[in-house]
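> Sharing a model prediction with you, sequence too.
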Amino acid sequence: MTDQLSFKHSKHSELEELDKKHYLHPTTIPKTHAEQGPKLTFAEGEGIYVRDVNGEKYIDGLSMLWNVNLGHGQQELADVAKEQMSKLAFSSSFAGYSNEPAVRLAEKLASLAPGDLNSVFYTSGGSESNDTAFKLSRFYWTLKGKSEKTKIIGIKQAYHGVTIAAQTATSIPLFHDFSGSKISEVFHANPHLTNCERGDKSDPNYEGCIRDIVEKEGADTIAAVIIEPVQGSGGVHVPPEGYLEAVRDLCDEFGILFIADEVICGFGRTGTMFGVENWGVVPDLMSVAKGISSGYSQLGGVLIKESIRDVLVQYDQVLAHGFTYSGHPTACAVALKNIEILERDQIVANTKNMEYELRAGFEYLQDKHPTFTKSRAVGLLAGFELYADRDSGKPFDSTILPSAEVVEECFKRKLILRALSSNVGRNIVAIAPPLIINKQQIDDMINILDDSITVFEKKFC
Ligand code: PMP
């Protein structure tokens, strides 16, 4: 036993040293990492749990990066990957080549997607999907003889990825500071102003809404609007009733394409197969990634509605866009199996049921903790906020990072969550466990949150 532990420890130390020396991590503070090494080195997982190299077990309360929807250690996904890899691990989709898993998945996506989003352009992830959606929008308008329609409107607090175009559409300041790379012609509207988007100019917030930007810039210069149905990394912001419908109407009124960024929301996360279904909205283009394969393979795509595809397929030269891994057979085989399991095991229904359990837990926390407020959950995309005085909305002193404190307390208790920022500071806690979670496990998460917020309130209130 002693040997075992010391073996694990030395293995961990060695990995830490190698990591510090050779591995530049994404969205991590390089200086801290180079000095201190990784916070934790994951080794294995099962269901909602992950273990690190020391054998410590954690609840994965954010499905890693909101993507491991079927949970860890799903053997059927591993099996199908092995089978496809043994048969044909990779093949090109360029120059007219095709493969069966990519075709079968395309058909499956068409059958699942709302409305007539019946074709797909494959990518390897969410950023590539959004860049592709922007390019396809501009290209579509060019083919329609409206090449001046190039501008993209996103909304504030959005996260759309980190490739240069997607990063420009992202509206979290942290991501804009990196390297100064941006494309031009991207605008950020004030979010979730339903009345303004419906055209109510007497609304004091009208200036800076999407409609206002369209009017000022001219609809004949705007290619597309991009929106996450529920904003994820920007703070788990749920649109008010009528908002997405109002934006859909606005896009129709002005001849602008509506891109739904379903990278987090898609494939059951919000208690419906796609996030937009919660509001009965059908976009023109839909970016997907993450949950399409539960993170077991790197895959994304843009779903395209028929009338756009009809225009694109008239083009008789090379569509000069594509990634080496577009239509990757192994990735597509894994995604097909992932969707099969989602449907077979009624995971979307479980997500909805577990949303109610999570909401009940939030009510308990709200009653008990004076700092806890603004909880929300659409399926298992959830969060809450912490305030010094929740009734007046007074935030904590800027030297305190309440959500980071609570998330750290949860981490000590073996629950991994994510701290996000609002416009009053770092005070949002995001929760998005694997969709296979059960009631007992939701209760375990709530109990850990309860203890963690208690410690936080003792320290800072
Ligand atoms: N869109 C949304 C809504 C996302 O949450 C993310 C990733 N968190 C992306 C796009 C980018 O996806 P990727 O990291 O796979 O490029």
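Yep, that arrived. Numbering: from 1, shown residues only.

> Looks to me like residue 427 is in a strand.
Yes. Under DSSP: H, G, I helix; E, B strand; the rest coil, residue 427 sits within a strand.

> what residues does the protein put near the ligand?
With CB under 6 Å from any ligand atom as the criterion, the chain meets the ligand at residues 65, 125-127, 130, 159-161, 228, 232-233, 261, 263-264, 289. (C-beta placed from N, C-alpha, C; glycine too.)

> In helices, which of these appear?
Counting by DSSP state H, the residues of the chain next to the ligand place 65, 126, 127, 130 in helices.

> rewinding a little: of the residues of the chain next to the ligand, closest to the ligand?
residue 126 (2.2 Å; CB to the nearest ligand atom).

> Most neighbours out of the ones in helices among the residues of the chain next to the ligand, which is it?
residue 130 (32 neighbours; other CB atoms under 10 Å).

> correct me, but that one touches residue 168?
No. Applying CB atoms under 8 Å, one finds residue 130 not in contact with residue 168, separated by 10.1 Å.

> list the residues that contact both of these two?
Here residue 130 and residue 168 have no joint contacts, going by CB atoms under 8 Å, 6 or more residues apart in numbering.

> in stretch 32-52, what's buried?
Of all the residues in stretch 32-52, those buried under the rule 16 or more other CB atoms under 10 Å are 33, 37, 38, 40, 43, 45, 47, 48, 49, 50, 51, 52.

> how about low-confidence regions in the chain?
1-11 (pLDDT under 70).

> what residues are up against residue 139?
312, 319.

> secondary structure element for it?
Following DSSP states H and E, one finds residue 139 within helix 126-143.

> which element follows that helix toward the C-terminus?
Following helix 126-143 toward the C-terminus (DSSP H and E): strand 151-155.

> Mind listing the strands that following strand pairs with, and their directions?
Next to strand 151-155 in the sheet, as set by DSSP bridges, lie strand 186-189 (parallel), strand 222-227 (parallel).

> Name the stretch among those strands that sits most buried.
Among those, ranked by average contacts under mean count of other CB atoms under 10 Å, first place goes to strand 222-227 (a mean of 27).

> From the rest of the structure, what touches that strand?
In contact with strand 222-227 (CB under 8 Å, 6+ apart) are residues 130, 133-134, 137-138, 140-141, 149-155, 158, 160, 169, 210, 214, 244, 247, 250-251, 254, 256-261, 284-285.

> repeat for stretch 68-75
44-50, 60, 63, 77, 267-269, 290-291, 294-296, 338, 341-342, 347, 434-437.

> Which of those residues are buried? Put it as a ChimeraX command.
To isolate the buried members of these in ChimeraX, using 16+ other CB under 10 Å:
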select :45,47,48,49,50,60,63,77,267,268,269,290,291,294,295,296,338,341,342,347,434,435,436,437
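
> Report the secondary structure state of residue 12.
Here residue 12 is helix, with the state taken from three-state DSSP.

> I'd like the distance between residue 111 and residue 171.
33 Å (CB to CB, to the nearest Å).

> my bad, residue 29
Residue 29 is 22 Å from residue 171, by CB to CB.

> cool, residue 22 as well?
Residue 22 is 33 Å from residue 171, by CB to CB.

> and which of the residues of the chain next to the ligand is nearest residue 444?
residue 65 (21.5 Å; CB to CB).

> Provide a list of residues in contact with the closest one.
With CB under 8 Å, 6+ apart, residue 65 has these contacts: 290, 295.

> quick one: contacts for the residue most central in space within the chain?
When the chain is reduced to its mean C-alpha position, the nearest residue by CA atoms, centre = their mean turns out to be residue 264, at 2.8 Å. Contact analysis of residue 264 by CB under 8 Å, 6+ apart lists 66, 67, 228, 230, 232, 233, 275, 290, 291, 381, 432.

> at 7 Å instead, please
66, 228, 232, 290, 381 (CB atoms under 7 Å, 6 or more residues apart in numbering).
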